[in-house]
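# no sequence on this one, just coordinates:
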Ligand SMILES: Cc1cc2nc3c(=O)[nH]c(=O)nc-3n(C[C@H](O)[C@H](O)[C@H](O)COP(=O)(O)O)c2cc1C
């Protein structure tokens, strides 16, 4: 799919079919994540791949019962890993770069999934402590985004955006 078609086709989908994601497609998504830029190329984030029903159910619970988390065949959890960035960038690495690294990686996963005919929705509303425990991440890692991936069981909705005139400030 052409890049601009991918951008146009990506919509948040909040209902999924039980159908599994093909291993080749998952591999392509994971490779795309690993191509994401990061501050100093330090890749100050970790990605957890969740497929088992018990953990998905726990994640659903940690994310205030957003049902699609249980429906999606897999969930990627992106954690900022401050120490990796702090080594070179100290406070800026800890407070900013590691979170940016993790969220750019999540964006790459979203777009790659769309290009492969899969659907996603970015999930930011969750209890970080609970998520860390469920995925078994150490205290030093901060879960910043979850991304359920699967085949859609709902039609996409085109949500409105601000106008470019309002959004872009030509200074
Ligand atoms: C940082 C962030 C956090 C979000 N958290 C949630 C969430 O917890 N639950 C949810 O259903 N959607 C969540 N979304 C998805 C947005 O609601 C969605 O992207 C927005 O409404 C625009 O719709 P679209 O993605 O279909 O263009 C989040 C998106 C972002 C970028």
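Thanks, I have the structure now. The model shown is predicted, which means the values in this text are computed figures rather than measured ones. Numbering: from 1, shown residues only.
# up against the ligand, what does this structure have?
Residues of the chain lying near the ligand by C-beta under 6 Å from any ligand atom: 11-12, 14, 66, 121-125, 159. Where C-beta positions appear, they are placed from N, C-alpha and C, glycine not excepted.
# now for those residues: which two are most distant?
11 and 125 (18.3 Å; C-beta to C-beta).
# tell me, how many residues neighbour the residue of the chain found nearest the ligand?
Here the chain gets closest to the ligand at one residue, residue 124, 2.8 Å apart by C-beta to the nearest ligand atom. Taking other C-beta atoms under 10 Å as the criterion, the count of residues near residue 124 is 11.
# remind me, longest strand of this protein?
Ordering each strand of the chain by length in residues (DSSP state E) puts strand 141-150 first.
# what's in contact with the very next helix or strand once past that strand?
Tracing the chain past strand 141-150, the next element assigned as helix or strand by DSSP states H and E is helix 164-167. Applying C-beta atoms under 8 Å, 6 or more residues apart in numbering, the contact partners of helix 164-167 are residue 161.
# now helix 164-167: average pLDDT?
Summarised as a single mean, pLDDT over helix 164-167 is 98.
# next one: that helix to chain centre, how far?
Between the centre of helix 164-167 and the centre of its chain there are 26 Å (C-alpha atoms, centre = their mean, to the nearest Å).
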